[in-house]
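>>> just to be clear, the model below is a prediction. Sequence and coordinates:
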Amino acid sequence: MRGFKYSILPRSSLDLLVPIIRLQRVRQVSSYITPAMTTGVFRYIDPASSVGADGSHVKPWSKVDVDQTSFKRTEKKRSVINIREAARSTPFGVDVSGFDVFTSPAKETAFTDDEAVRNGYYVEVEELLRKRIPEIKKVVIFDHTIRKREKDSARQPVQQLHVDQTPGAAEVRVRRHIEDPAEADELVKGRYQIINVWRPIGHAATDFPLAVVDWRTTQPEDLVSVDLLYPQRKDGDDNDDRGKEVRPDESTFTSTTGYEVRGETYAVAPSDKHKFYYAKDMTPEEVMLIKCFDSRSQGLPGGKEGLAGLTPHTAFVDPATPADAKGRQSIEVRCLVFY
């Protein structure tokens, strides 16, 4: 992939993909009597900001520890449909629209103890994935993030449309988290996905709810590859990013010194065709599955026509949010899923 700076193995393994697909059943979305629609102002990448003075493409970058990018953003006002109402007449599912919302209460509710999250909640996440998608053969959970809309929180809700991984970054994730290289070689020949499992914490996510774009309303040209810059590791540092977020240093916002490219994500360019959805007042008893990658999706080698590949998503400001709504808290768990 042009401009992709961190190492990946040859893509020949992806060329061997065979479309052995069984679309998962589209299931009923959690339902409450709620308004059918709201509006939001959404931040897209400005495509012109990744074009150099000579007209050549300049690959944009974004830092993971601070809201600083090399590209400009443009804002568009969009309607946002309540998925609870839309599900009465429109089919949804991770293989259909790229996302899924359903009721799945968790035993873990505090999410204040990192060990309890890794040793307890991770098990719950794998169980709910296997229950919702019975075809799953293997799950590898590689990361989680807890976001709080509080002044001193290192991880705030993200207010920019994005997809967490590009296809190249997804394969790198497999090879990073599957210790046996031979096993990784075999796994990337088959169908695999990256799915985020998103859940509100403590109270309904009325403030800064999560919006998703229906994959069926996206086009490949909407997606712009962006290098993810991480702070450089010192010798002896481990390779685990979880729980190490810190408040950003404003004096280094625009500098790339001390950073290295360790990932690649998609920013999203504006399109009037995008259709936005959200689960109004989503509760801690509910989860949203957000597909970030699927090796069998439409457009990839061996892909299946009509099979959803990804879900652009972002937090947004709902103008109907009550003034006394509690600040949003949520957890997202990132999973490699193999079939």
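Thanks, I have it. Since we're looking at a predicted model, the values are computed, not measured. Numbers count the residues shown, from 1 in each chain.
>>> wait, doesn't residue 273 sit right on residue 215?
No: using CB atoms under 8 Å, residue 273 is not in contact with residue 215, being 11.7 Å away. (C-beta placed from N, C-alpha, C; glycine too.)
>>> higher neighbour count, these two?
Neighbours were counted for residue 273 and for residue 215 using other CB atoms under 10 Å; residue 215 has more, 24 against 12.
>>> that one touches residue 313, doesn't it?
No: using CB under 8 Å, residue 215 makes no contact with residue 313, being 11.0 Å away.
>>> show the pLDDT at residue 50.
pLDDT, residue 50: 83.
>>> does it really touch residue 57, like I thought?
Yes: contact criterion CB under 8 Å: residue 50 and residue 57 qualify, at 6.3 Å.
>>> A helix includes residue 264, no?
No: counting by DSSP: H, G, I helix; E, B strand; the rest coil, residue 264 falls outside a helix, being strand.
>>> ok, it to residue 102 distance?
According to CB to CB, to the nearest Å, residue 264 and residue 102 sit 30 Å apart.
>>> show me which of these two is the more surrounded one.
Neighbour totals were compared for residue 264 and residue 102, and residue 264 leads with 25 against 18 (other CB under 10 Å).
>>> in the stretch 201-339 of the chain, where is pLDDT below threshold?
Counting by pLDDT under 70, the stretch 201-339 of the chain shows low-confidence ranges at 234-254.
>>> ranges for the strands of it?
Under the criterion DSSP state E, counting those that start in this stretch, the stretch 201-339 of the chain contains strands at 210-213, 223-231, 259-268, 276-278, 286-294, 313-315, 329-338.
>>> strand partners (parallel or antiparallel) of the first one?
In the sheet containing strand 210-213, its partner strands are strand 276-278 (antiparallel), strand 313-315 (antiparallel), by DSSP bridges.
>>> what's the closest of those to residue 185?
strand 313-315 (30.9 Å; CB to CB).
>>> residue contacts, residue 187?
Contacts for residue 187 (CB atoms under 8 Å, 6 or more residues apart in numbering) come out as 138, 174, 178, 338.
>>> typed the wrong thing, it's residue 212
Shown in contact with residue 212 (CB under 8 Å, 6+ apart): 98-99, 276-278, 288, 290, 311-313.
>>> for it, list each beta-bridge partner.
residue 277, residue 313.
>>> need the contact list for the nearest residue to residue 219 once chain neighbours are set aside.
Closest residue in space to residue 219, ignoring its immediate chain neighbours: residue 271 at 6.9 Å, by CB to CB, 6 or more residues apart in numbering. Contacts for residue 271 (CB under 8 Å, 6+ apart) come out as 217-219, 222.
>>> could I get the residues you listed as JSON lines with distance to residue 117?
Shown next, in JSON lines, are these (distance: CB to CB, whole Å):
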{"residue": "217", "distance to residue 117": "34"}
{"residue": "218", "distance to residue 117": "32"}
{"residue": "219", "distance to residue 117": "37"}
{"residue": "222", "distance to residue 117": "34"}
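>>> just the closest of the residues you listed to residue 282, please.
Distances from residue 282 to those, taken by CB to CB, are shortest for residue 217, at 21.2 Å.
>>> wait, that closest one touches residue 277, no?
No: with contacts defined as CB under 8 Å, residue 217 does not count as touching residue 277, sitting 10.1 Å away.
>>> of those two, which one has the most company?
Counted by other CB under 10 Å, residue 217 and residue 277 do not tie: residue 277 has more neighbours, with 27 against 15.
>>> quick one, what contacts that one?
By CB under 8 Å, 6+ apart, the residues touching residue 277 are 80-83, 86, 92, 97, 99, 211-214.
>>> point out where the stretch 1-150 of the chain drops to low pLDDT.
Residues of the stretch 1-150 of the chain that meet the criterion pLDDT under 70 lie in 1-34, 150.
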